[in-house]
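> Got a sequence here, can you build the structure:
(chains A and B)
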Amino acid sequence: MNTTTRRKRGARLRRFIPLYIMMLPGLAYLFINNYLPMFGLSIAFKDINYAKGIWASDWVGLKNFEYLFKTTDAYIITRNTLLYNAVFIVLGLLIAIAIAILLNEIRGKMARGFYQSVILLPYLISIILVSYLVYAMLSVDAGFINKTILPMLGLDPISWYLEPKYWPYILTIVHIWKGAGYSCIIFLAAILSIDREYYEAAELDGASKWMQIRKITFPMITPIITMLTLLGIGRIFYSDFGLFYQVPMNSGALYETTNVIDTYVFRGLMQLGDIGMSAAAGFYQSLVGFILVLVSNYIVRRFDKDNALF
Amino acid sequence: MKNIMRGATLLMLCFVLILSACGKGGNGSGSEPGGSANPGNQQDGKVEEITVAFPLVSTSQQDLQLVEDEINKISEEKIKVRVKFLPINAGEWAQRMNLIFSGGETLDLTFVSGLMYSNMVAKGQLIELDELLDAHGEGIKQAFDEKYLNATKINGKIYSVPTVRDLAGSYGLTMRKDMVDKYNIDIDAIQTLDDVENLFKTIKANEPHVVPLVPGGVGQSFRENHVFVDPLGDFMGVLPDYDNDLKIVNMYEMPEYKAFIDRIRKWYLEGYILPDAATNKTTTFELIKSGKAFSYMALQKPGFAAQESKASGTQMVTKELLAPVATTSNVTNALWGIPVNSKHQEKAMQFLNLMYSDADIVNLFDWGIEGKHYVKEKGEADHIISYPAGQDATTIGYNMLGWMFGNQFLSYVMKTDDPDIWKKTAEFNSTSRPSKALGFVFDASAVKTEVAAVSNVVTQYKLPLETGSVDPDKLLPEFIAKLKSAGMDKIIAEKQKQLDEWAKNNSVQ
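Numbers count the residues shown, from 1 in each chain, chains lettered A, B, ... in the order given. Below is the predicted model of the structure:
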């Protein structure tokens, strides 16, 4: 009995050998690219001295992490990072889905291609250029808004780069404007893969467009939505450095609403250039991201097993 | 455990080797012709290649390679060294340096910015130079007064050599000459900031489209270009009046600081200052060149007006507002050091020695190639040069800052400059008042958590406060409170401890 199962297993293994071999390059890549650098995590706990080398440098425990929690800024940067990303995930999803559904309704092939390209275009612009586009709008003495829009409404010019209260809106608008085109492609692909017969059947039964969207489109793309949301949550502690550093022109007066973990780390270490402390920040971000993915995946599993990532 | 470490290091090494092999494939074709072109040299000793990094300030440098080739002709003959330039955009300097060191890239000789110096030493990125200087640095030692070379010592060792240039600094105002003439301004009468204020009033009243004062550089505040204390490196704990019996204080709490930013705020409200000074990304030279600005504050030295006129293509005049003082920061402003990554440390030192003793090398670095980038003036002293006919600083293919490379006193002088400029600079150096803490270099490694936190607070408040963009009465107390919570006091205590120790070891009273 025992020997037959073993023989069976052996035969199965032999049959799969080509597949395993095919897996090797991928595994090697994964190992070299994703696992080997993990030794580098030790840098986060060391006082790096280039003369001694990475391995021989002294261990300093959690000292490299201290500066992240040192000041009252710790609360502000964590709050900013979390809130911005939460807004970006929710609004980003909603707007991308809306655009995808609208694009899907465009029948003309040329027209759809045109609109799709136009919406995607901002995603392809470098964030440095974006920051200057924003500057052209908001510049104190030459900006479009201060020179044209506000006088038209009879309002006084605003020093945009010195007033933190406007920036949550500005950054959100810029982020959505820049990113929505890209994420809508994924949803558009998902929507296009839905069998047309569902819609035809619904139309025969007299369902309105809105009903079709609610009862067919949404349920069919729910797995994609959950997946993208989970991935987004995994990166909730990271932020788009270019958006938060370049677009506000690194203006100190705006830090209250524009400082996020990445920019804080960058500014704090510009002068020191301490790789131990930067590694500590990266380690902290990925650890929290990892835990958040596990937790949110667990929650998704509780509600709907099929939609969970793992 | 040890075996695992060794295994991991080995694996990483393999990977690095594979990568670097890939990289070499691309460059190989470029470097080989140079080697075969000089077969004669290879008989008597091998020519070693060293990589030399320095910042590029101006971007039009299409002839860099030609200059490199000319320098190599001399250095290959004299010391069997071929140099390879690694020019880095000045704005990216700090980041690129960190990348080079964390990535272990080859680098044999590098410009060292004073702001990063003590930190680079603390992290073991630079090697000790004392022995190499004794062996190969004769020309370097001769170029200096010993007190200046000593000013670079950290824990009694020299890790970098300052360039020979103005080793003290005075602060002042640089103004457009055409407007100074137009309104008959007697610049010698400008002594205080009150006088400056009156001047701005005149300009503002008569030239409504010209901004009287713009920042001295992108991302710089006005206080940074009007320094009235010894910054002791990083301004985190300073020495007032360059003495104060070596008692360190927090500059941001000094009454002088408050008075200065109050004045800047007043100027801002009066419209004397560029409205977006806090976020401005246009260089000072561009602002001057475009006719938008009248003046800026800056760190000065003999011949500064001519240098600035050249850079902005506009005639400028300067007036000193704060008398020259020599601090460690002035001396260590521009240094040259040998990175720990270097595999040719002796050769690097030999080349560095040439940069301090060989006038041909110095002038290639500073001015480029004779006949192409400059011509000697006929009928003048031998060291007077000018641009070739029809060329100027903006059209020439090679344009460097002379103080950056070795011994500037060996450099030729432009016809438009003072022919005795180096004599005057030497005098400026010897007559300037030395700060009591000249030679003290702060090692921040014991308080780096606090330094990172304080850096963040400073970057947040520095520009808005010191460009007048926000109300000091509201924000200064907040700034000071935040500095305290970030650990400013701990940094000052540590700095005081090191300064006291330094004073004891160097018997400074």
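
> Averaging pLDDT per element, find the lowest-scoring helix or strand in chain A.
The weakest-scoring helix or strand in chain A, judged by mean pLDDT, DSSP states H and E, is helix A:261-272 (a mean of 79).

> which parts of whichever helix or strand comes after it are buried?
The helix or strand immediately downstream of helix A:261-272 is helix A:275-303, counting by DSSP states H and E. For helix A:275-303, the neighbour count (16 or more other Cβ atoms under 10 Å in any protein chain shown) marks A:275-285, A:288-289, A:292-293, A:296-297, A:300 as buried. Where C-beta positions appear, they are placed from N, C-alpha and C, glycine not excepted.

> Look up which helix or strand residue B:318 falls in, please.
strand B:316-326.

> Give me the buried stretch members for that strand, please.
Within strand B:316-326, the residues that count as buried by 16+ other Cβ under 10 Å are B:316-321, B:324-326.

> Give the residue spans of chain B that score low on pLDDT.
B:1-45, B:59-60, B:509 (pLDDT under 70).

> let's see it at 50
B:1-2, B:5, B:10, B:13-43 (pLDDT under 50).

> which residues touch the closest residue to chain A within it?
Closest residue of chain B to chain A, Cβ to the nearest Cβ: residue B:124 (3.2 Å). By Cβ atoms under 8 Å, 6 or more residues apart in numbering or on different chains, the contact set of residue B:124 is A:49-52, B:340.

> from these, which would you call buried?
Looks like the contacts of residue B:124 have A:49-50, B:340 buried, using 16+ other Cβ under 10 Å.

> got TSV for those residues, with distance to residue B:61 too?
Below are the buried ones among the contacts of residue B:124 laid out as TSV (distance: Cβ to Cβ, whole Å):
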residue	distance to residue B:61
A:49	35
A:50	30
B:340	28
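
> Just give me the closest of the buried residues of strand B:316-326 to residue B:260.
Nearest to residue B:260, judged by Cβ to Cβ, of the buried residues of strand B:316-326 is residue B:321 at 11.7 Å.

> In strands, which of the buried ones among the contacts of residue B:124 appear?
Judged by DSSP state E, the buried ones among the contacts of residue B:124 include no members of strands.

> how near is residue B:334 to residue B:113?
7 Å (Cβ to Cβ, to the nearest Å).

> The two: which is more packed in?
Counted by other Cβ atoms under 10 Å in any protein chain shown, residue B:334 and residue B:113 do not tie: residue B:334 has more neighbours, with 23 against 17.

> Pull the contacting residues for the more buried one.
B:111-114, B:162-163, B:165, B:403-404.

> Tell me which residue in chain A sits closest to chain B.
residue A:51 (3.2 Å).

> Please report the distance of the nearest residue in space to that residue that is not next to it in sequence from residue A:50.
Among residues not flanking residue A:51 along the chain, residue B:124 sits closest, at 3.2 Å (Cβ to Cβ, 6 or more residues apart in numbering or on different chains). Distance, residue B:124 to residue A:50, using Cβ to Cβ: 4 Å.

> tell me the SS of the residue nearest to residue B:388 when sequence neighbours are not counted?
Distance criterion Cβ to Cβ, 6+ apart; nearest residue to residue B:388, sequence neighbours excluded, is residue B:375 at 5.3 Å. At residue B:375, secondary structure determined by DSSP: H, G, I helix; E, B strand; the rest coil is strand.

> ok, residue B:375 touching residue B:384?
No. Assessed by Cβ atoms under 8 Å, residue B:375 is found out of contact with residue B:384, at 10.3 Å.

> where does the stretch 51-200 of chain A come near chain B, residue by residue?
Applying Cβ under 8 Å from any Cβ of the partner chain, we find that the stretch 51-200 of chain A lies next to chain B at A:51-52, A:55, A:63, A:66-67, A:70-73, A:139-141, A:159, A:161-162.

> how about a cut-off of 10 Å?
Residues of the stretch 51-200 of chain A lying close to chain B (Cβ under 10 Å from any Cβ of the partner chain) are A:51-57, A:63-74, A:77, A:131-132, A:135, A:138-143, A:157, A:159-162.

> picking that back up, out of the contacts of residue B:124, who's nearest residue B:264?
Of these, the one sitting nearest to residue B:264 (Cβ to Cβ) turns out to be residue A:50, at 40.4 Å.

> for residue B:175, phi and psi?
When read as degrees, to the nearest 10, the backbone of residue B:175 gives phi -130, psi 160.

> coming back round to it: which secondary structure element is home to the residue of chain B closest to chain A?
Assessed by DSSP H and E, residue B:124 sits outside every helix and strand.

> Kindly provide the distance from it to residue B:443.
From residue B:124 across to residue B:443, the span is 12 Å (Cβ to Cβ).

> try residue B:454
For residue B:454 relative to residue B:443 (Cβ to Cβ), the value is 16 Å.

> for residue A:247, helix, strand, or coil?
Assignment for residue A:247 (three-state DSSP): coil.

> That one: neighbour count?
By other Cβ under 10 Å, neighbour count at residue A:247 equals 26.

> can you count the residues close to the residue nearest to it when sequence neighbours are not counted?
Distance criterion Cβ to Cβ, 6+ apart; nearest residue to residue A:247, sequence neighbours excluded, is residue A:131 at 4.7 Å. Applying other Cβ under 10 Å, we find 20 residues neighbouring residue A:131.

> With residue A:63 instead?
Count around residue A:63 with other Cβ under 10 Å applied: 16.

> which among the contacts of residue B:334 gets closest to residue A:117?
For the contacts of residue B:334, the nearest to residue A:117 is residue B:113 (45.0 Å; Cβ to Cβ).
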